[in-house]
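Engineer: Next one to model:
(2 chains)
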Amino acid sequence: MNAPAARHFSPEDIAAAKAWPFEEARKLEARLKRLGRDRNPDDVVIFETGYGPSGPPHIGTFGEVARTTMVRRAFELMTGRKTRLISFSDDMDGMRKVPPHLPNQEMLGRYLQKPLTTVPDPWGSHQSFAHHNNAKLRAFLDQFGFDYEFMSATEQYKSGKFDATLVRVLERYDALMEIMLPTLGDERKETYSPILPISPKTGRVLYVPLLERDAAKGEIVFEDEDGEKIRMPVTGGAAKLQWKADWAGRWLALGVDYEMAGEDLTESVRLSNRIVKVLGGEPPAGFNFQLFVDEDGKKISKTKGNGISIEQWLTYASPESLSLFMFLNPKAAKKLYFDVIPKTLDEYWQHVEKYPSQEGAKALDNPAWHIHEGNPPAAATPVSFAMLLTLVNAVGGEPDVLKGFIRKYRPGASPEELAAADALTQYAARYFRDFIEPKRQYRQPTDQERAALTALAARLREIGDEAGEDEYHTATFDTGKAHGYEKNLRDWFAVIYEIVFGQAEGPRMGPFTKIYGAGATAKLIEDALAR
RNA sequence: GGGCCCGUAGCUCAGCGGUAGAGCAUCUGACUUUUAAUCAGAGGGUCGAUGGUUCGAUCCCAUCCGGGCUCACCA
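Structural biologist: Purely as a prediction, here's the structure:
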């Protein structure tokens, strides 16, 4: 990534920037001002994203971190303040059910309701199931170069970081229950507690009512699974907060200033906002982004397997293109299906290409600025992915052949541009392998066609590999003319494409032969005739 | 049904009070040794609908229509 030095922007430029990360940054700035935090500019501003370690990181995880980072960088540019991004793993949550498709199902079944950090790793490579997934999360985020600090709920609870907040919840118990109870079903109303003790006997996270509370001592009394009444402190990891209260408590304990969440959590955010106020804190700034939907506008669900996965996206396009997808209108439900990938990839490069010619707020509104955290690359690809797909359609997915074409068509391209284009060839090659090759249909030649193609192959061999592309092209035409196509050369080419390439259309034969090699092209033809 | 969000050219989106924009796609022309590419140009929108505020609304307000999420438990 030979990105140029970050460009300088004036306060006027920044004030005029309208891209949504700047709007969000302004909301955050207003929040800090409201709290008087603008008077302590050395105060570090905290951004947070959440992660549930009962499963691997996925495209939503990427989206949340990518988008939060976009707001973070916009905020830094706007205020010059220091920031941190915490990636918080809810690894103390009880395992509600055994995730399907995992090894050691029976073993996992014995650990239901226990904190994920105490469930053994079903793959046996890490300290616990949660540790395994936490490691996956970190590798996942590192792979994209995100700047973040990983934080484990278990470690935080055990370290005492949440102690004051837990005690605070006991102190404000009634006010908190007043918020929560109306939102609960009748059955849950009876047993609800914002604090979940962890059974000292079984290690399970208990969803039981609190029989007694002593805020002064920081203690609670509850009934353990065997019916015994237990009195114990809430601090030091002996208990944890339940969802919503947990979120609110975390904001308070960690001083979170900004966190976004999916639209499905709109109500949870509202409630958690009320709770954090009751606890004496202030809700973070943020907004609810829309979920992704599939081609038919249906919600993407992992079990249904509709939509596409992050692995699929990265098979056919770059991480930067996925970032662009995340940048685009996060408040509208985005259709996430295969067809958007090539298009998004090309749009990404168009934005990169445009960036150097843009100034001030225009540049700040360019998605490339946000995708690259203020430092878009200087060089863009000189050939579009769409064009490469066309080429791949014609000449197959050989990266070296594709690279040859790129150099042929863009003789003036700089090394940086060529590098950008070359990176696209691997995606094009996979696209070819998965979507084009399986659909190829090679037509059988007629006797006349066979004679013409045989003659063409012989002629190409005769010319050899050292001739110019014009000579190959002329030879192709001459052969066609000599075999009855002088009046309709278009048909001659159709013959070549349908029989040799298995496609209705194909490459310009002269340049193709030059790049692919006359002998190799001849062999291609002969192989087709032998099919 | 209540709440929240979205609805601007075929597609993806920008514009957010002053007689509609971009990219891609489409079409036309140039080149013609096909296709692609390249260059030049064009078409395409009653800005979801209807009312209201305003000298003036895509932009503000109301209602409606369409789509998404959410309203037992869990996170």
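
Engineer: Show me which residues of the stretch 1-150 of chain A sit near RNA strand B.
Structural biologist: The stretch 1-150 of chain A has residues A:18, A:20, A:52, A:90, A:93-94, A:96 near RNA strand B, with proximity defined as CB under 7 Å from any atom of the strand. Yep, even glycine has a C-beta here, placed from its N, CA and C like the rest.

Engineer: Which of those residues sits closest to A:M260?
Structural biologist: Nearest to A:M260 among those is A:W20, at 10.8 Å by CB to CB.

Engineer: Tally up the residues packed near that closest one, please.
Structural biologist: For A:W20, the neighbour count with other CB atoms under 10 Å is 21.

Engineer: which stretches of chain A form strands?
Structural biologist: A:45-51, A:83-89, A:149-152, A:195-197, A:212-214, A:219-223, A:229-233, A:239-241, A:258-259, A:261-262, A:288-289, A:292-293, A:334-335 (DSSP state E).

Engineer: Ok, which of those strands comes nearest A:L137?
Structural biologist: That would be strand A:45-51 among those, by CB to CB, at 5.4 Å.

Engineer: Now for the residue of the stretch 401-531 of chain A found nearest RNA strand B: which residues touch it?
Structural biologist: Nearest residue of the stretch 401-531 of chain A to RNA strand B (CB to the nearest atom of the strand) works out as A:R508 at 2.6 Å. Counting by CB atoms under 8 Å, 6 or more residues apart in numbering, A:R508 touches A:H473.

Engineer: List the contacts of the nearest residue to A:A467 once chain neighbours are set aside.
Structural biologist: Counting by CB to CB, 6 or more residues apart in numbering, A:A518 is the residue found nearest to A:A467 once chain neighbours are left out, at 7.0 Å. A:A518 is in contact with A:460-461, A:463-465, A:467, A:472, counting by CB under 8 Å, 6+ apart.

Engineer: Now render those as CSV, adding distance to RNA strand B, neighbour count and pLDDT.
Structural biologist: Formatted as CSV, the contacts of A:A518 follow (distance: CB to the nearest atom of the strand, whole Å; neighbours: other CB atoms under 10 Å; pLDDT from 0 to 100):
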residue, distance to RNA strand B, neighbour count, pLDDT
A:L460, 14, 27, 87
A:R461, 19, 16, 88
A:I463, 14, 18, 85
A:G464, 18, 11, 83
A:D465, 18, 15, 80
A:A467, 13, 17, 78
A:Y472, 9, 24, 83
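
Engineer: what about the helices in the stretch 151-300 of chain A?
Structural biologist: Here the stretch 151-300 of chain A has its helices, by DSSP state H, counting those that start in this stretch, at A:153-159, A:163-171, A:173-180, A:186-191, A:245-254, A:266-278.

Engineer: by contact count, what packs against the last one?
Structural biologist: Just to be clear, that refers to helix A:266-278. Packing contacts for helix A:266-278, counted by 3 or more CB pairs under 8 Å, 6 or more residues apart in numbering; DSSP states H and E, involve helix A:173-180, helix A:245-254.

Engineer: do you know how far A:D42 is from A:K82?
Structural biologist: 7 Å (CB to CB, to the nearest Å).

Engineer: and what of A:A467?
Structural biologist: Going from A:A467 to A:K82 by CB to CB gives 64 Å.

Engineer: Kindly compare burial across the helices and strands packed on helix A:266-278 and name the winner.
Structural biologist: The highest mean neighbour count among the helices and strands packed on helix A:266-278, using mean count of other CB atoms under 10 Å, belongs to helix A:245-254: a mean of 24.

Engineer: With just CA atoms, put that helix into PDB.
Structural biologist: Only the C-alpha atoms of helix A:245-254 are listed here, as PDB (Å, rounded to 0.1, in the frame of the first residue of the first chain):
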ATOM      1  CA  ALA A 245     -28.500  -3.800  31.500                       C
ATOM      2  CA  ASP A 246     -25.200  -5.400  30.400                       C
ATOM      3  CA  TRP A 247     -24.900  -3.100  27.500                       C
ATOM      4  CA  ALA A 248     -25.800  -0.100  29.600                       C
ATOM      5  CA  GLY A 249     -23.400  -1.100  32.300                       C
ATOM      6  CA  ARG A 250     -20.600  -1.600  29.800                       C
ATOM      7  CA  TRP A 251     -21.100   1.900  28.400                       C
ATOM      8  CA  LEU A 252     -20.900   3.300  31.900                       C
ATOM      9  CA  ALA A 253     -17.900   1.200  33.100                       C
ATOM     10  CA  LEU A 254     -15.900   1.700  29.900                       C
END
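
Engineer: avg pLDDT for that helix?
Structural biologist: Average pLDDT, helix A:245-254: 96.

Engineer: Can you tell me which helices and strands it packs against?
Structural biologist: Against helix A:245-254 (3+ CB pairs under 8 Å, 6+ apart) you get strand A:45-51, strand A:83-89, helix A:163-171, strand A:239-241, helix A:266-278.

Engineer: Check the offset of that helix from the chain's centre.
Structural biologist: Helix A:245-254 has its C-alpha centroid displaced from the chain centroid by 26 Å (CA atoms, centre = their mean, to the nearest Å).

Engineer: those helices in the stretch 351-500 of chain A, which residues are they?
Structural biologist: Counting by DSSP H, counting those that start in this stretch, the helices of the stretch 351-500 of chain A are A:360-365, A:367-371, A:385-395, A:399-409, A:415-431, A:447-463, A:469-480, A:489-496.

Engineer: Single out the most deeply packed of those.
Structural biologist: Of all the helices of the stretch 351-500 of chain A, as judged by average neighbours under mean count of other CB under 10 Å, the leader is helix A:367-371 with a mean of 26.

Engineer: Quick one: list the elements packing against it.
Structural biologist: helix A:59-79, helix A:319-327, helix A:340-354.

Engineer: Name the surrounding residues that touch it.
Structural biologist: In contact with helix A:367-371 (CB under 8 Å, 6+ apart) are residues A:19, A:21, A:70, A:73-74, A:320, A:323-324, A:327-328, A:348, A:351-352, A:354-355, A:363, A:376.

Engineer: Write the PyMOL selection for whichever of these are buried.
Structural biologist: The PyMOL command for the buried members of the contacts of helix A:367-371 (criterion: 16 or more other CB atoms under 10 Å) is given here:
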select buried, chain A and resi 19+21+70+73+74+320+323+324+327+348+351+352+354+355+363+376
